[in-house]
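Trainee: my questions concern the predicted model and sequence given below.
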Amino acid sequence: MLSSAAAPFLRHIERCRNVTLPAGRIPLLHDGLSIGLVDPACLGWLAAPAEMGLLEIGDGHITLPDGQGLSQISHMLAEQERYVPFHEWFDVRSPDGTIIGQIDRALIPVFGVEASGVHMNGLVQKKTGLHLWVARRSPQKRLDPGKLDHLVAGGMSSGLTPEETLVKEAGEEASIPTALARHASHASTLHYAMTRPEGLRRDRLYCYDLMLPEDFVPQANDGEVESFHLMPVGNVFQLVRDTDDFKFNVNLVLLDLFLRLGMFDKQDSLILAETLHG
């Protein structure tokens, strides 16, 4: 059983795993394997793609004959104003990891396909202890405006590896030089499935650590960040424990960091780690 000191962290894991799949959604199949879970409320959207043979709507499932049709479906639904596109393309993969097509990022939660992203802990070792760079999201962000965030975080666009995504986002979001960003080390990979206002999120997060020089000061490049703040890790720990100020999935990556830093006692660490990575 978790101690009273560690119990508050559990809510962040539960929040990001608030759904039991398939959760009433319709399986999206390709080559007989499930690649997504479609929101039944959006079934009417698929009439036109079905008429063109891009989808086959069956009894209790939807079949995608050709994965390359996903991009056509994305364009078609955008033209019909069924959704507001990001104009950012993500790869859709089969269960074995094979890329079968691309989809607009905004449709991912509608079709319930798995998405990947990277999160990086930007760490600074000072004489007074370990510190973490924290970003505040722009109030103009479509999702979670104004929330606290990692120094670097972003979705894995089509054609990019996690490492390439990290370098790209590091330059765009915090002006971290490529040579420095490449020193980031992969620490863990997290998974979760949750329902959100935008739909079903089935995310895979590649988590990285990067030790930054004391004199490094991040600068926003793409307008997605309002400000940056260097905070003692202990203060970040308290924020995660006591508030919901951080974007929902950032809490999971920070909890993973706290576990690796040994900031919980042994029993709490075992329970939290099993719950987080289970």
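Mentor: Everything's here; your move.
Trainee: any buried residues in the helix or strand hosting Leu166, and which?
Mentor: Assigned by DSSP states H and E, Leu166 belongs to helix 162-174. When neighbours are counted by 16 or more other C-beta atoms under 10 Å, the buried residues of helix 162-174 are found to be Pro162, Thr165, Leu166, Val167, Lys168, Glu169, Ala170, Gly171, Glu172, Glu173, Ala174. Any C-beta I mention is one placed from the backbone N, CA and C, and that applies to glycine too.
Trainee: helix, strand, or coil at Phe228?
Mentor: Taken by DSSP: H, G, I helix; E, B strand; the rest coil, the conformation at Phe228 corresponds to strand.
Trainee: what bridges to Leu190?
Mentor: With DSSP bridges as the criterion, Leu190 is bridged to Leu205.
Trainee: double-check it against Ala273; I have them as touching.
Mentor: No: the pair Leu190 and Ala273 fails to qualify as a contact (C-beta atoms under 8 Å) at a distance of 11.4 Å.
Trainee: of those two, who's got more company?
Mentor: Between Leu190 and Ala273, counted using other C-beta atoms under 10 Å, Leu190 has the larger neighbour count: 19 against 16.
Trainee: pull the contacting residues for the more buried one.
Mentor: If you count contacts by C-beta atoms under 8 Å, 6 or more residues apart in numbering, Leu190 has them with Arg204, Leu205, Cys207, Leu252, Val253, Asp256, Leu276, His277.
Trainee: can you select the buried ones among those residues for me in ChimeraX?
Mentor: Burial among these is assessed by 16+ other C-beta under 10 Å; the matching ChimeraX selection reads:
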select :205,207,252,253,256,276
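Trainee: in strands, which of the contacts of Leu190 appear?
Mentor: Filtering those for membership in strands, criterion DSSP state E, returns Arg204, Leu205, Cys207.
Trainee: any chance of these in CSV, plus distance to Arg196 and pLDDT?
Mentor: Formatted as CSV, the entries for the ones in strands among the contacts of Leu190 read as follows, by distance: C-beta to C-beta, whole Å; pLDDT from 0 to 100:
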residue, distance to Arg196, pLDDT
Arg204, 16, 97
Leu205, 15, 98
Cys207, 20, 98
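Trainee: could you report the neighbour count for the spatially closest residue to Val253 that is not a sequence neighbour?
Mentor: Distance criterion C-beta to C-beta, 6 or more residues apart in numbering; nearest residue to Val253, sequence neighbours excluded, is His119 at 4.4 Å. With neighbours defined by other C-beta under 10 Å, the count for His119 comes to 26.
Trainee: so what's His119 up against?
Mentor: Residues near His119 by C-beta under 8 Å, 6+ apart: His150, Val152, Ala153, Leu205, Tyr206, Cys207, Tyr208, Asn249, Val250, Val253.
Trainee: pretty sure the last one contacts Leu205?
Mentor: Yes: with contacts counted by C-beta under 8 Å, Val253 reaches Leu205, the gap being 6.3 Å.
Trainee: partner strands of whatever helix or strand Val124 lives in and their direction?
Mentor: Following DSSP H and E, one finds Val124 within strand 114-126. Partner strands and pairing direction for strand 114-126 (DSSP bridges) are strand 129-137 (antiparallel), strand 152-155 (antiparallel), strand 199-211 (parallel).
Trainee: pick the most buried one from those.
Mentor: Ranked by mean neighbour count under mean count of other C-beta atoms under 10 Å, the strands paired with strand 114-126 are led by strand 152-155, which reaches a mean of 23.
Trainee: tell me which residues are up against it.
Mentor: With C-beta under 8 Å, 6+ apart, strand 152-155 has contacts from 88, 90, 105, 115-120, 122, 165-166, 168-170, 172-174, 176, 181, 208, 210, 250.
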